[in-house]
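> Provided below are the primary sequence and the corresponding predicted coordinates.
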Amino acid sequence: MVLVKRPLKTRELLTMAWFMVGLKSADTTPAMLAGHTKNAVWLVPIASLLFLLPSFLLLMHLLKKHKNYNLVELIQHLLGSKIGTLLCLLIFLSAFIVIVLDLRNYVEQINYLYFPNASTTFIFTIFLLVCFITASKGLESIGSISWMFMPFILFTIIFILWLGQSNAVWNRIFPIFGSGLGVILTEGWNKSSLFLEMFLLTIGYQAFREPKFFRRGIYLGSGLAFFFITFFYLTYAIVFDYNTIENVAFPYQETTEIVTLGHFFTNVSTFFMVGWLICSFLRFSVFLYLLVWTFGAIFKVKPFESYLLPFCFLILTLGSIAPSFVTNELSVREVVLEYISPIFLLFPFLLWVMSLLRGRRER
Amino acid sequence: MRKLLVMIVCIPMIILLSGCTDRKEIEEQAFVVAVGVDKTDKPNIFRFTFQIANPEVGSSTISPSPNESPQELVSVLGADFLSATNAANSSVAKEITLEQVRVVIISSKLAKSNEFIHLMQTVPSTVELRLNAQLVVSKEKAADFLQQNKPKMETRPHKYYQYMLDRAKETGIIPDAPLSRFYYITEGDADLFIAPLATVKPEDKQEYKSEDKYTAGDIPLKGENKTQFMGSALFKEGKMIDELTGEETRISVMLDPTLSQQDFIANYKDPLKPDYKIAARFKAEEPKITVDYRPNGKTTIYADINFRLDVYSIPSTVNYISDDKKRELLRNNLERQLKQMTEKFIEVTQKKYKGEPFYWSLHIRRHFLTIQDYEKADWSKKIYPNAEIKMNFRLTSLEFGKVLRQSDLGRVKD
């Protein structure tokens, strides 16, 4: 069977971008943010989006202008091979650290909430195995799978948001700025690297039948993701009050436990776990694939898929270093995110300036 | 081919192994439906009583073993819920799980102690105990409550608690009090929390009061099951401070927009013949609370409540139905009765409790931009006890059941 070259279309990228970025709504991120901003946690993604939008649009503009390049090639083209490779490595390393920390985080969640007796390493291995198998099928397959599961996950999301409303008290969004507007803006700036997947996805700019599909997919997907993240955070803020939200480590799972379906179905949390689990598998499969792709592109390795397995081992080993979930979440993850945020906020501007200079020189 | 082999080995492993370490057979588990907690002589050691349901009794799909009891009680000492389940396993063969717990019963002695809030702090980090379980305060020891609570018509204990609490909540005589609400309100540190009050040891006095003026225990009930759910326990800062009657609980539920109250039937004074009462079905809409906040002056709180009454019986046979003047009188009188009743209770909360169980702190929050400002203004200590509260009851519809006019009893007697 001969596959049509570059068969990816808007809808695959839309779902992939949506799940990758959007799963932030259902992990420990809101708890981390709420520690600073309290009930204004839902304003942080909006603040982040405001900071990120200029850089992201600039990057998209550059990709459109310099056709035939993906993210890594564009950087190397504009900054020269030495500095370009350095910047690419920096981006790659940030993404790598983030995937290690995030994976550990998810594994701990699964371990703690659903399989308390199993060992962390065991769940880690199984989780990575699933991601590895999915990722090794290639971006096209992951895209199709994402699209396939989209209705189910959309149904789960809408269902939980709808059920959540019965426990929600809208007055809890007041005081509207939580710990203060300044805190929200700093958090939005510091934690903007939470959404670095958007930048990482541009590595696949050339993998689409037409770049138009890519642009449409990533705008729509990220837009949806931001919308649902904000809405989920808002739901958490009004379901848990400002004093409780910072103590709840897993607000999504906690919400699913509180909600009931009338008199008869009082414990419905398991239903929502399935959608969440599928979504996290997809997210990390895409993430892993993009990471290895970036690596392959930097070092000009083809086919880069053979690096998936070594990377899985590396992630497993590094992910097991942190002694406990709380250290991983509160000490390491938060600090790392703050350090790498400026990279993603600023590098498109650097590229843009270089592109302008280059254009002038050519003229 | 190699790929296929890998797939054949891996995929069943994922399915089979992932459930292995945490596999739990339903048959090997003992499902606790109610936990009772009592204070002991030692500080921070509690007596936990687990009521375990037997899933084989009362379900239609499995034919029950004739000699098995529908429930079993185990009582052990422990410092928190989870470690107590392990201790209880010394006498129960199956693994005790708290996932299906519907009620947590606290003795009022424990609720009034300082240790209570420390015990409650251990709950949220417990994965098993769900936060939608209801908190109930029993007047006697929780262990006694569980032992003597013998419903005659509901053999399955989990259904009993669910039906009992749901029905009582619908009528508003006890509040909805999931554990999660306890945490929001206690950690919010601005309002008072109310939990249902129950007892199995009714007092001997058989005195009639209007149907909702009781608290658990003094209802003149006669029947085989002595259990009574009535009124509520009032918690301030995680500690029980007083008991509210059914009527006061109804007012609290009515004034709290976050609690939903179904309709209930209650008696009202007949304005023209005060010896008689009027029975009516009462249904209040969600109250509208607006706060006129003055940082330096007197804050005013407006509460607008629209309600509906379906009058069922007028024993005095005064013609309220077709006489416009009398009907108008009844309407105004009912509004006044409710207003007086509510204002009396509000005065008590302002003066005696210095806090309100209506969750009204939510409504002042919009006047602040940040939490720091809001906490500095101090709703519970400074604003509420000194605020002026203006109640406004409005009877939106007054119906008189299925008769058009009252029969003239004077002529019957004659």
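Here it is on my side, so go on. Everything numeric here is computed off the predicted structure, so don't read it as measured data.

> Which residues of the stretch 101-250 of chain B lie near chain A?
B:102, B:124, B:127, B:130-132, B:162, B:166, B:178, B:180, B:183-184, B:187-189 (Cβ under 8 Å from any Cβ of the partner chain). For the C-beta atoms, the positions are set from N, CA and C on the backbone; glycine is no exception.

> Of those residues, which belong to strands?
Assigned to strands by DSSP state E, none of these qualify.

> Could you single out the nearest of those residues to residue A:248?
residue B:124 (7.7 Å; Cβ to Cβ).

> residues contacting the closest one?
A:247, A:248, B:131, B:183 (Cβ atoms under 8 Å, 6 or more residues apart in numbering or on different chains).

> switch the cut-off to 10 Å
A:244, A:247, A:248, A:249, A:254, B:131, B:179, B:180, B:183 (Cβ atoms under 10 Å, 6 or more residues apart in numbering or on different chains).

> Kindly indicate which of these lies nearest residue A:312.
residue A:249 (26.2 Å).

> which non-adjacent residue is nearest that closest one?
Distance criterion Cβ to Cβ, 6 or more residues apart in numbering or on different chains; nearest residue to residue A:249, sequence neighbours excluded, is residue A:31 at 5.2 Å.

> how would you label the one you found: helix, strand or coil?
Under DSSP: H, G, I helix; E, B strand; the rest coil, residue A:31 falls in the helix class.

> ditto for residue B:315
Looking at residue B:315 with three-state DSSP, the answer is coil.

> Run through the neighbouring helices and strands of the longest helix along chain B.
Assignment by DSSP state H gives helix B:324-348 as the longest helix of chain B. Helix B:324-348 sits against strand B:239-244, helix B:246-255, strand B:264-269, strand B:277-284, strand B:300-313, strand B:388-399, with contacts defined as 3 or more Cβ pairs under 10 Å, 6 or more residues apart in numbering or on different chains; DSSP states H and E.

> Only the buried residues of it, if you could.
Within helix B:324-348, the residues that count as buried by 16 or more other Cβ atoms under 10 Å in any protein chain shown are B:330, B:331, B:333, B:334, B:335, B:338, B:341, B:342, B:345, B:346.

> I figured the second one hits residue B:320, correct?
Yep, that's residue B:331 we're talking about. Yes. The pair residue B:331 / residue B:320 is scored as a contact, 9.1 Å apart, by Cβ atoms under 10 Å.

> Can you work out which residues contact both of the two?
With Cβ under 10 Å, 6+ apart as the test, residue B:331 and residue B:320 both reach B:271, B:398.

> rewinding a little: among the contacts of residue B:124, which are located in helices?
Among the contacts of residue B:124, the members falling in helices (DSSP H) are A:244, A:254, B:179, B:180, B:183.

> Now list the buried members of these.
Among the ones in helices among the contacts of residue B:124, those classed as buried by 16+ other Cβ under 10 Å are A:244, A:254, B:179, B:180, B:183.

> Export those residues as JSON lines, with columns for pLDDT and distance to residue B:301.
Listed next are those as JSON lines, based on pLDDT from 0 to 100; distance: Cβ to Cβ, whole Å:
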{"residue": "A:244", "pLDDT": "81", "distance to residue B:301": "25"}
{"residue": "A:254", "pLDDT": "84", "distance to residue B:301": "32"}
{"residue": "B:179", "pLDDT": "87", "distance to residue B:301": "29"}
{"residue": "B:180", "pLDDT": "84", "distance to residue B:301": "26"}
{"residue": "B:183", "pLDDT": "87", "distance to residue B:301": "25"}
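
> could the residues you listed go into JSON lines alongside distance to residue B:170?
Listed next are these as JSON lines, based on distance: Cβ to Cβ, whole Å:
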{"residue": "A:244", "distance to residue B:170": "27"}
{"residue": "A:254", "distance to residue B:170": "27"}
{"residue": "B:179", "distance to residue B:170": "20"}
{"residue": "B:180", "distance to residue B:170": "20"}
{"residue": "B:183", "distance to residue B:170": "24"}
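
> Out of the helices and strands packed on helix B:324-348, which one sits most buried?
Of all the helices and strands packed on helix B:324-348, helix B:246-255 carries the top mean neighbour count, a mean of 25, counting by mean count of other Cβ atoms under 10 Å in any protein chain shown.

> All set, thanks.
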